[in-house]
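[1] What shape does this take:
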Amino acid sequence: MKDALRLGVRLGVAAMLLVLAFRLAIPSDSRSIAETLSSAWVAESRVAVGWFAAALVCFGLSFVAVARRFQVLLGAAGLGSSFSPLLRAYVVANFLALVLPSALLSDVYRVVDARRDTGRSIEVIAVAAAERVLSLAALGVVVLAAAPFAPLPPEMNLQLMAALAIAGGLVATSFAFLHPASNALLRRLARRLAGVSRALAESAESALDAISALSEKPRTLLSGFGWSIVAQLLPVAAVICLSRPLDAHIADYWYAVIVPLVTLVTLIPVSIGGAGVREWLYVELFGSLGMRAEVALSLSLSVFAATLVWGFFGLALFAWGRRSQADPSA
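    This is a model prediction of the structure:
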């Protein structure tokens, strides 16, 4: 009952923000929605399709980057895994992130999938947690580098400071989590769990062993962080590609400012798949640069369309995987 209520609330938030974004972009006294949005496009259909394909490639390469990051971290923890299953799991997880209340829940699928490949559970969970930490740290670094140049009006300085505080907190927490001193502190806490449950204490020790193996290999962590930066910048390149057929006359570096900020905000589980939040933020933030509201909304909808294409591909892989498990001869 509570889960259904939470889902209903998030769907309501998504719908409310979508309505707000459309009203900002398309006033009630204007022409039809289709005509208004079509006025945002300045390129021929053939050219627009080409840029859309380029954006799909950028999003696809981001999956390659994060799959490689996971493989590097698993290998450093002594959990060798082949690349193709990890890449497949990320594409499927992208689909799940569109339908689950929080994108973080899609990590559960990847953990289960990697467990089948490695035969380990607790250690894979620990590595997945470290991977998520590196991803958030990279996002925090990009936001910290870009946010001071955000084109926000003075009345939004409080929101900017909040974004900087969150980004700084992500970076600080990430490095603290992976520091050996934190591992030692967590081990002392884990030993106290033995009085409650010996099995739980042993699981915590196994997880900390995996984290410790990573902490003792700074080059591996640096490599994982580098792949995380690449994975954060590729979606920026994708959005730039999607903007090319539109009447969006802003410098490319602004996308490196706004897209990571939007990504950070959409991680907050207030809607489903970031729907509504993304559209509203695109209209508000790109609009502050002088981009017409209907252009910003069309850009956001293009991003959603590209994500949806990869989502359908992930759904197909998910269905094929389920069918293979049910019928090994298939």
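[2] For the protein, just list every one of the strands.
    Per DSSP state E, the chain carries no strands over any range.
[3] Can you tell me which helix or strand of it has the lowest average pLDDT?
    Least confident helix or strand of the chain, by mean pLDDT, DSSP states H and E, is helix 2-25 with a mean of 61.
[4] from memory H179 sits against L214, does it?
    No: if you go by CB atoms under 8 Å, H179 and L214 don't touch, sitting 11.1 Å apart. Placement of C-beta: from N, CA and C, glycine included.
[5] who has more neighbours, those two?
    Neighbours were tallied for H179 and for L214 using other CB atoms under 10 Å; the higher tally belongs to L214 (24 against 12).
[6] which ones are touching that one?
    For L214, the contact set (CB atoms under 8 Å, 6 or more residues apart in numbering) comprises L73, A76, A77, V127, A130, L178, T220, L221.
[7] Restricted to helices, list those residues.
    L73, A76, V127, A130, L178, T220, L221 (DSSP state H).
[8] JSON lines for the residues you listed, including neighbour count?
    Output for the ones in helices among the contacts of L214, formatted as JSON lines (neighbours: other CB atoms under 10 Å):
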{"residue": "L73", "neighbour count": "25"}
{"residue": "A76", "neighbour count": "22"}
{"residue": "V127", "neighbour count": "29"}
{"residue": "A130", "neighbour count": "25"}
{"residue": "L178", "neighbour count": "21"}
{"residue": "T220", "neighbour count": "17"}
{"residue": "L221", "neighbour count": "21"}
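[9] Between those residues, which sits nearest V262?
    Nearest to V262 among these is A130, at 25.2 Å by CB to CB.
[10] quick one: the closest one and L74 touch, right?
    No: between A130 and L74 there is no contact under CB under 8 Å: 10.1 Å.
[11] what's the spacing between the spatially closest residue to S135 that is not a sequence neighbour and W41?
    Residue nearest to S135 in three dimensions, not counting chain neighbours: S228, with 5.1 Å by CB to CB, 6 or more residues apart in numbering. When distance is defined by CB to CB, to the nearest Å, S228 is 34 Å away from W41.
[12] okay, the two: which has more neighbours?
    S228 (25 against 17).
[13] shouldn't the more buried one be in contact with A137?
    Yes: using CB under 8 Å, S228 is in contact with A137, at 7.0 Å.
[14] and the nearest residue to R110 once chain neighbours are set aside, what pLDDT?
    If the residues on either side of it in the chain are set aside, R110 comes closest to A89, at 4.6 Å by CB to CB, 6+ apart. pLDDT, A89: 88.
[15] same thing with D247?
    On the pLDDT scale, D247 gets 88.
[16] Please report phi then psi for it.
    phi -80, psi 60 (degrees, to the nearest 10).
[17] Give me the neighbour count for it.
    15.
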